[in-house]
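my questions are about this predicted structure, shown below with the sequence.
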Amino acid sequence: MLDGTTSEIRERKALRINPAKTCQPIGAMYAALGINKCMPHSHGSQGCCAYHRSQLTRHHKDPVVATTSSFTEGASVFGGMANLKTAINNIFTIYEPDIIAVHTTCLSEVIGDDIPMIIKKSAEDGIIPEGKLVIHTNTPSFAGSHVTGFANQCTAFVKYLAESAGETKNVVNIMPGWVEPADMREIKRIAEMVGVEYILAPDTSDVLDSPHDGKYHMYPDGGTTIAQLKAMGDSFLTIALGPLASGPAATELEKKCKVPNKVLELPIGVKATDEYVNALRLAGDTTVPSALEKERGRLIDMISDMSQYLHNLRVAIFGDPDHLTSMVSFLVEMGAKPMIVITGTPGKKWETKMQEICAETNPDTQFLAFSDIHYMHQWIKNNPVDLIMGNTFGKYVARTENLPYVRFGFPILDRVGHRAFPTVGYAGGMRIIEKITDAVFDKRDREDPDHEVELVL
Ligand code: SF4
């Protein structure tokens with residue numbers, strides 16, 4: 001399929017081929033789905049909304065509901081105010097959410113629609129029913145990526161909703177970053193094991209992985225409630241997981257309600273999970289339960305058992321900055337060699353951080369922000385690797401180069417495990433090792449000559 005890809009790398013400034021990112025509104029939509037009885041609303045044309053919904057639906061294998069301002073030529077010329085007001089009226093009348101989270105698209109950003117003014121006008125005109133809310137965030141896709149869209153939506157929750165009643169509560173806000181619903185559940189499980197009272201926001205567990213009960217629920221039971229979002233202003237600490245996805249919302253909450261924050265990497269791998277557990281332990285002024293220590297021990301044991309296969313395993317990996325920071329750290333912990341690390345999201349700071357992670361063990365690793373999968377493919381042709389990790393789009397490279405492939409990140413459109421099993425926490429670390437070794441061993445079992453096929457690996 002990509003057999004025509006050559007090894008000759010040409011400098012490209014404006015063109016991206018197979019970009020390692022997608023567009024901002026998808027992130028805003030995903031974050032909004034993590035709020036109970038929230039309708040994500042795409043202020044733009046139907047095509048954008050259909051694409052964003054389909055990516056999320058295909059990734060989660062659950063129906064993703066979102067509405068659109070349905071721009072046509074008229075709105076493109078005269079602005080989208082009339083469309084948005086009609087949409088708000090229809091959404092509250094027909095779908096009855098508690099809150100509408102409006103995000104913009106390229107088109108409405110280019111037009112320059114003033115969304116706060118339109119929301120204000122809708123309230124004045126009585127379109128927004130008593131007790132219901134409409135909030136917004138700007139998500140132009142010609143800047144940033146789906147991760148910045150997620151971050152912008154989380155920041156909007158804080159800007160519009162968080163408030164302080166002046167009485168600090170013994171509660172910790174946990175901002176999970178862009179992770180799977182199964183990861184959010186695991187992040188909560190760990191907090192509960194440590195014994196910390198928390199508010200997780202957003203929370204897509206039991207929304208995008210809700211159990212099948214034979215009925216359709218437009219608003220499943222899960223999701224952070226509006227009352228919880230408001231109460232975040234009275235918590236005594238915010239633990240923000242993922243600097244890019246959660247950092248801006250944590251900073252906004254500190255600015256608005258004086259809630260201090262600790263910004264950590266996503267708890268993938270031993271060190272990053274240790275830091276999350278330790279932050280919880282300090283916040284709860286408690287000790288780490290022995291059950292959690294045992295989980296950690298099992299992960300260390302698995303790393304050590306598999307070290308002969310993981311040591312110096314050359315890995316090419318692409319994805320989102322927060323995911324990559326923790327996953328590359330974990331690869332280094334295992335003794336593997338990240339050879340090339342690519343993200344489509346722009347950011348020089350991230351490249352510097354990644355260099356620090358690999359400085360000691362693998363100083364020659366290539367880190368590139370705002371790059372693409374095509375570049376990674378060409379680079380691999382010149383610098384052989386043993387494994388590729390990334391979202392579904394990388395499978396064509398793996399197939400062409402006949403390399404083991406581990407799916408990781410967003411979107412994963414052709415497997416189901418990511419929605420059911422976490423990759424965060426100590427248990428998640430074990431799952432990652434299982435996936436890596438399975439992929440590598442499967443290739444060996446398939447291709448080794450008969451006399452070299454090992455029964456025991
Ligand atoms: S890049 Fe812009 S125009 Fe394209 S789908 Fe995303 S928001 Fe819509």
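Structure received. Residues are numbered from 1 along each chain as shown.

which bits of this structure sit near the ligand?
Contact residues (Cβ under 6 Å from any ligand atom) of the chain with the ligand: 23, 25, 48, 51, 105, 106, 141. (Each C-beta comes from the backbone N, C-alpha and C, glycine too.)

looking at this protein, which helix or strand is least sure?
helix 73-78 (a mean of 89; mean pLDDT, DSSP states H and E).

can you name the residues in contact with that one?
69, 82, 83, 107, 111 (Cβ atoms under 8 Å, 6 or more residues apart in numbering).

farthest pair in the residues you listed?
Farthest apart among the contacts of helix 73-78 by Cβ to Cβ are 82 and 107. That separation is 15.0 Å.

with neighbour numbers in mind, choose between these two.
residue 107 (20 against 13; other Cβ atoms under 10 Å).

quick check: closest non-adjacent residue to that one.
Nearest residue to residue 107 in three dimensions, chain neighbours excluded: residue 44, at 4.8 Å (Cβ to Cβ, 6 or more residues apart in numbering).

domain map for this protein?
Domain segmentation of the chain under automatic domain parsing yields 24-149, 169-293, 307-452.

and these: which comes nearest residue 8?
domain 307-452 (7.3 Å).

skipping adjacent residues, who's closest to residue 274 in space?
residue 296 is the one closest to residue 274 (Cβ to Cβ, 6+ apart), at 7.5 Å.

just checking, what packs against the helix or strand where that neighbour lies?
Counting by DSSP states H and E, the element that carries residue 296 is helix 290-305. Packed against helix 290-305 by the contact rule (3 or more Cβ pairs under 8 Å, 6 or more residues apart in numbering; DSSP states H and E) you find helix 181-194, helix 270-284, helix 425-447.

list the buried residues for the shortest one?
Read that as helix 181-194. Neighbour counts over helix 181-194 (16 or more other Cβ atoms under 10 Å) mark 181, 182, 183, 184, 185, 186, 187, 188, 190, 191, 193, 194 as buried.

please identify the helix or strand for residue 317.
Short version: residue 317 belongs to strand 314-319, going by DSSP H and E.

how far off centre is that strand?
17 Å (Cα atoms, centre = their mean, to the nearest Å).

just want the angle from that strand to helix 425-447.
120 degrees (axes from the mean of the first three to the mean of the last three Cα atoms, to 10 degrees).

any idea of the mean pLDDT in the following helix or strand past strand 314-319?
Where DSSP H and E defines the elements, the next helix or strand beyond strand 314-319 is helix 321-334. What helix 321-334 shows for mean pLDDT is 97.

so which residue of the stretch 151-300 of the chain comes closest to the ligand?
Nearest residue of the stretch 151-300 of the chain to the ligand, counting by Cβ to the nearest ligand atom: residue 152, 13.0 Å away.

what's that residue in contact with, if anything?
24, 27, 28, 103, 137, 138, 139, 248.

burial check on residue 399, number of neighbours?
For residue 399, using other Cβ under 10 Å, the count is 13.

also residue 14?
Neighbours around residue 14, by other Cβ under 10 Å: 4.

quick check, it in a helix?
No - applying DSSP: H, G, I helix; E, B strand; the rest coil, one finds residue 14 to be coil, outside a helix.

dihedrals phi and psi, it?
Here is the backbone geometry of residue 14 (degrees, to the nearest 10): phi -100, psi -20.

nearest residue to residue 2 other than its sequence neighbours?
Here the residue nearest residue 2, using Cβ to Cβ, 6+ apart, is residue 400, at 4.3 Å.

how about the secondary structure of that neighbour?
helix.

ok, it touching residue 378?
No - between residue 400 and residue 378 there is no contact under Cβ atoms under 8 Å: 11.4 Å.

what do those two both touch?
Counting by Cβ under 8 Å, 6+ apart, the shared contacts of residue 400 and residue 378 are residue 5.

stretch 388-406: which residues count as buried?
388-398, 400-401, 403-406.

residues touching the most centrally placed residue in the chain, list them.
In the chain, the centroid-proximal residue (Cα atoms, centre = their mean) is residue 178; its distance is 2.3 Å. Contacts for residue 178 were tallied using Cβ under 8 Å, 6+ apart; they are 27, 30, 31, 146, 147, 150, 242, 245, 320, 322, 323, 410.

those into CSV, with extra columns for distance to residue 367?
Output for these, formatted as CSV (distance: Cβ to Cβ, whole Å):
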residue, distance to residue 367
27, 22
30, 26
31, 27
146, 20
147, 16
150, 22
242, 18
245, 19
320, 14
322, 14
323, 14
410, 20
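
most neighbours of all those, which one?
Neighbours here mean other Cβ under 10 Å. Within these, the largest count is held by residue 150, at 34 neighbours.

so that residue makes contact with residue 28?
Yes - between residue 150 and residue 28 there is a contact at 6.7 Å, judged by Cβ under 8 Å.

now do the helices in the stretch 101-250 of the chain.
106-111, 115-124, 146-161, 181-194, 226-231, 243-257 (DSSP state H, counting those that start in this stretch).

out of the ones you listed, deepest packed?
helix 146-161 (a mean of 26; mean count of other Cβ atoms under 10 Å).

measure the nearest residue to residue 330 once chain neighbours are set aside to residue 46 for me?
Spatially, and ignoring its direct neighbours in sequence, residue 330 is nearest to residue 269 (2.8 Å; Cβ to Cβ, 6+ apart). Distance of residue 269 to residue 46, computed by Cβ to Cβ, to the nearest Å: 41 Å.

so between those two, which is more surrounded?
More crowded of residue 269 and residue 46, by other Cβ under 10 Å: residue 269, with 27 against 13.

measure residue 148 to residue 282 for me?
Taking Cβ to Cβ, one finds residue 148 at 30 Å from residue 282.

mind telling me which residue of the stretch 351-457 of the chain is nearest the ligand?
residue 411 (13.8 Å).

meant to ask about the stretch 251-400 of the chain, not that
Closest point on the stretch 251-400 of the chain to the ligand, by Cβ to the nearest ligand atom, is residue 344, at 12.4 Å.

so how many other residues sit close to that residue?
23.

residue 376 contacts residue 340, doesn't it?
Yes - with contact defined as Cβ under 8 Å, residue 376 and residue 340 form a contacting pair (5.8 Å).

who's more crowded, these two?
Between residue 376 and residue 340, counting by other Cβ under 10 Å, residue 376 is the more crowded of the two (25 against 21).

check contacts around the residue of the stretch 251-400 of the chain closest to the ligand.
Neighbours of residue 344 in contact, by Cβ under 8 Å, 6+ apart: 16, 19, 20, 21, 145, 318, 370, 371, 372.

show me what the second one is bridged to.
If I follow you right, that is residue 19. Residue 19 has these beta-bridge partners by DSSP bridges: residue 372.

so it sits right up against residue 376, yeah?
No - Residue 19 is beyond contact range of residue 376, at 11.3 Å (criterion: Cβ under 8 Å).

ok, the residue nearest to residue 357 when sequence neighbours are not counted - contacts?
Among residues not flanking residue 357 along the chain, residue 329 sits closest, at 5.4 Å (Cβ to Cβ, 6+ apart). If a contact means Cβ under 8 Å, 6+ apart, then residue 329 has 265, 268, 269, 271, 272, 357 as its contacts.
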